[in-house]
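# Have a look at this prediction, sequence included:
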Amino acid sequence: MSSGFSIRDSIPCYAEEDCAGALFAAKWPDGFRCPRCWHSRYYDIASRGRRLFECRSCSHQTSLTAGTALEGTRTPLTKWFKAMYLMQFGISAVLLAELICVTYKTAWLINHKLRHVIGEQDGARPLEGSLQLLGEYYGYEYHRYFSDKLAQGALKPQPIVIGASLDQTGEVVHLKMKAVDGIDGTAVPGRGGSEDEEAVERFLHNHTANRGDFGKTELLQRSHRGRKAPHHAWLGVVRWLAWTFGGIGPKHLQSYLNEFCFRYVSGSRTLEALIACIGTSRTITYRSLVSARSGIRPIRWAFRQPERSRRHAG
Ligand SMILES: [Zn+2]
């Protein structure tokens, strides 16, 4: 890059004890609490090279990573913290593996465990207040140009709803991008009303505190792309996925969308917010990650098709 910025040179050198201190503060923001009896005092002990916290009341022993996103990890804390630092730039597992000197599989797992806690946190915080909603397709251009060469129905563009919460000055304070599907048993596509309304209602129901209240919701037109924050955010995520990963398949698409939105909302506080997340979210295993069904499959989409003249790199 001509700016001279190098991700490699920017990675901080973290000390193990600083990482442990940050994880401690994230896990126990109000000070130590025994997970069994909630007592607040402990003995700091070492066992086989591991630091353990022994409750002074019930003698229960717990580790710093137990119950966090890092539970069971064999990767040093310093590498986790470097990985969290690097997630601010939205890098791939290939590059992460090289930068923090771990295998590709470890890097992939770290990135996905971080995306998992981001998703957990996102799920606990619905959009509220004034909303802007935009319907889009992921992979539409790819589908449009190559569909005749692919097996019929093998690849369909994925419908996404982008939702933004705005504050009173119109600034985006929260953003979500969600794959909208009809296979979770909660929706009956095409039954009464327009499919547009179905998709929007489902999004409002699942991801906002407004529920069925359309009053504070502005539905954006795809043809106005580029005008409002959700249009810009959508362009940003599509470019990121294309340039960094060469596109993302349906299985893990949702977790990448969550990561992008997390970064978009957290801004310069991304690392801080990520550290807070890992301390309070439970981990997910590799087995669960690779077997997890994202619930994405081709369905009839609910928003208007883009104009034929539109040319936008997907
Ligand atoms: Zn205890």
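Perfect, thanks for sending it. None of the values given here were measured: they were computed from a predicted structure. Numbering: from 1, shown residues only.

# Strands along the chain, start to end?
42-47, 50-55, 61-63, 130-138, 158-166, 172-179, 217-219 (DSSP state E).

# Let's have those in a markdown table, adding mean neighbour count and distance to the ion.
The C-beta positions use only the backbone N, C-alpha and C, and glycine is treated the same way. What follows is those, written out as a markdown table (neighbours: other CB atoms under 10 Å; distance: least, CB to the ion, whole Å):
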| stretch | mean neighbour count | distance to the ion |
| --- | --- | --- |
| strand 42-47 | 11 | 8 |
| strand 50-55 | 17 | 3 |
| strand 61-63 | 17 | 9 |
| strand 130-138 | 23 | 44 |
| strand 158-166 | 24 | 40 |
| strand 172-179 | 21 | 37 |
| strand 217-219 | 15 | 48 |
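
# Out of these, flag the one nearest Glu16.
Of all the strands of the chain, it is strand 50-55 that lies closest to Glu16, at 10.1 Å by CB to CB.

# can you give me the offset of the closest one from its chain's centre?
Chain-centre distance of strand 50-55: 32 Å, with CA atoms, centre = their mean, to the nearest Å.

# Stretch 262-282 too?
Counting by CA atoms, centre = their mean, stretch 262-282 comes out at 10 Å from the chain centroid.

# what about that stretch, start to end distance?
Stretch 262-282 has an end-to-end distance of 18 Å (CA to CA, to the nearest Å).

# So what's the model's average confidence on that stretch?
Averaging pLDDT along stretch 262-282 gives 92.

# Include mean pLDDT when you put the strands of the chain into JSON lines, please.
Shown next, in JSON lines, are the strands of the chain (pLDDT from 0 to 100):
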{"stretch": "strand 42-47", "mean pLDDT": "92"}
{"stretch": "strand 50-55", "mean pLDDT": "93"}
{"stretch": "strand 61-63", "mean pLDDT": "95"}
{"stretch": "strand 130-138", "mean pLDDT": "87"}
{"stretch": "strand 158-166", "mean pLDDT": "89"}
{"stretch": "strand 172-179", "mean pLDDT": "94"}
{"stretch": "strand 217-219", "mean pLDDT": "85"}
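
# between those strands, which gets nearest to Phe260?
Nearest to Phe260 among the strands of the chain is strand 172-179 (7.0 Å), distances taken as CB to CB.

# Touching that closest one from outside, list them.
Residues from elsewhere that reach strand 172-179 (CB atoms under 8 Å, 6 or more residues apart in numbering): 122, 125, 127-129, 138, 158-167, 203, 206-207, 229-230, 233-234, 237, 250, 253-254, 257-258, 260-261, 264-265, 294-296.

# who wins for proximity to Thr270 among the strands of the chain?
strand 172-179 (13.2 Å).

# show me the contacts for Glu136.
Contacts of Glu136 by CB under 8 Å, 6+ apart are 159-162, 222, 234, 303.

# who's sitting farthest from the centroid in this structure?
Using CA atoms, centre = their mean, the residue of the chain lying farthest from its centre is Ser57. It sits 38.5 Å away.

# Let me know the pLDDT of that one.
97.

# And for the helix ranked longest in the chain, what's in contact with it?
Longest helix of the chain, by residue count under DSSP state H: helix 104-123. Outside of helix 104-123, the residues within contact range by CB under 8 Å, 6+ apart are 69-70, 75, 79-80, 83-84, 87, 93-94, 96-97, 100, 102, 176, 252, 254-256, 258-259, 261-262, 274, 277-278, 281-284, 286, 289.

# Between strand 172-179 and it, find me the angle.
120 degrees (axes from the mean of the first three to the mean of the last three CA atoms, to 10 degrees).

# Give the buried residues for helix 104-123.
By neighbour count on 16 or more other CB atoms under 10 Å, the buried set for helix 104-123 is 106-122.

# do stretch 250-266 as well
250, 252-266.

# of those, list those near the ion.
Among the buried residues of stretch 250-266, no residue is within reach of the ion (CB under 5 Å from the ion).

# Just the ones of the residues you listed in helices?
Counting by DSSP H, the buried residues of stretch 250-266 contribute 250, 252-266 to helices.
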